[in-house]
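Participant: let me see the structure of the following:
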Amino acid sequence: MDEDEAILIERAQAGDEAALVCLYEAHYQAVYNYVYYRVGEMALAEDLTGEVFVRLVAKLDMFRVGKRPLLAWLYTIAGNLVRDHYRRGKRWQWLPWTPKVVGRWWEVIHNDGDSGEMVATLMRRWTEKQLVVAVRELPEQQRLVILLKFVEKRSNAEVGDLLGKTEGAVKSLQHRALARLRKQLVKEVADE
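Facilitator: A predicted model of the protein is given here:
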């Protein structure tokens with residue numbers, strides 16, 4: 001956490017509304033992305049993201065500066081809200097994956113120099129549903145690393161700070177996630 005954010009948090013905890021607005025503006029998009037990639041609906045993601053910030057205001061006095069980054073705390077709140085939403089009987093839903101997204105993911109996870117042909121094969125043979133299932137089957141920490149690294153374009157250091165992990169642990173999670181996706185995608189393409 002940088003010093004400016006620590007000062008904003010302390011000001012917000014003291015009741016400074018302008019500081020709260022600054023924190024909201026600094027973190028809204030990251031929290032929205034996190035929620036959206038878990039629920040796949042814009043309106044629902046907006047509602048849940050709004051609730052994250054309502055809870056931030058309600059519980060900000062419980063947050064301790066320096067213990068962990070504020071965004072990590074917000075991700076925890078968001079994750080709990082998403083889980084609560086689905087526990088109430090809602091069906092788990094991931095984003096629809098377009099051929100362009102499928103191609104980009106294939107490029108990332110199949111780094112062998114001959115990926116152009118593999119992308120074409122994948123585009124012909126693989127449905128969006130199968131890709132969604134492959135990503136859904138990743139463990140939560142691996143999915144989160146993939147989201148933070150490839151969707152939000154964060155560095156390993158930033159991801160480590162947010163997840164409370166070392167850069168080496170982030171690299172390991174990313175490697176395992178990509179290897180798992182690669183194995184599953186290659187198997188699916190070969191089976192067809």
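Participant: neighbours of Glu167, how many?
Facilitator: Glu167: 14 surrounding residues under other Cβ atoms under 10 Å. C-beta coordinates here come from the backbone N, C-alpha and C atoms, glycine included.
Participant: cool, and the one 4 residues further on?
Facilitator: Lys171 sits with 16 neighbouring residues when counted by other Cβ under 10 Å.
Participant: what residues are up against the closest residue to it other than its chain neighbours?
Facilitator: Setting aside the residues directly before and after it, Lys171 is nearest to Asn156 in space (Cβ to Cβ, 6 or more residues apart in numbering), at 6.0 Å. Taking Cβ atoms under 8 Å, 6 or more residues apart in numbering, we find Asn156 in contact with 149, 167, 170-171, 174.
Participant: what about the longest helix in this protein?
Facilitator: Longest helix of the chain, by residue count under DSSP state H: helix 167-191.
Participant: tell me the mean pLDDT for that one?
Facilitator: The average pLDDT within helix 167-191 is 81.
Participant: gap between that helix and the chain center?
Facilitator: In this view, helix 167-191 has its centroid 17 Å away from the chain centroid, taken as Cα atoms, centre = their mean, to the nearest Å.
Participant: mind giving me the packing neighbours of it?
Facilitator: For helix 167-191, the packing partners by 3 or more Cβ pairs under 8 Å, 6 or more residues apart in numbering; DSSP states H and E come out as helix 99-109, helix 115-125, helix 128-136, helix 140-146, helix 156-163.
Participant: poorly predicted segments of the protein, please.
Facilitator: 1, 89-136, 188-192 (pLDDT under 70).
Participant: can you tell me the centre-most residue of it?
Facilitator: Geometric centre of the chain, nearest residue: Leu147, 3.7 Å, by Cα atoms, centre = their mean.
Participant: ok, that one - contacts?
Facilitator: Neighbouring residues of Leu147 by Cβ under 8 Å, 6+ apart: 33-34, 37.
Participant: Leu162 contacts Leu71, correct?
Facilitator: Yes - taking contacts as Cβ atoms under 8 Å, Leu162 lies within contact range of Leu71: 5.7 Å.
Participant: list the buried residues for the longest helix of the chain?
Facilitator: By 16 or more other Cβ atoms under 10 Å, the buried positions in helix 167-191 come out as 169-171, 173-174, 177-178, 180-182, 184-185, 188-189.
Participant: ok, stretch 150-159 next?
Facilitator: Neighbour-count burial for stretch 150-159 flags 150, 154, 156, 158-159 (criterion: 16+ other Cβ under 10 Å).
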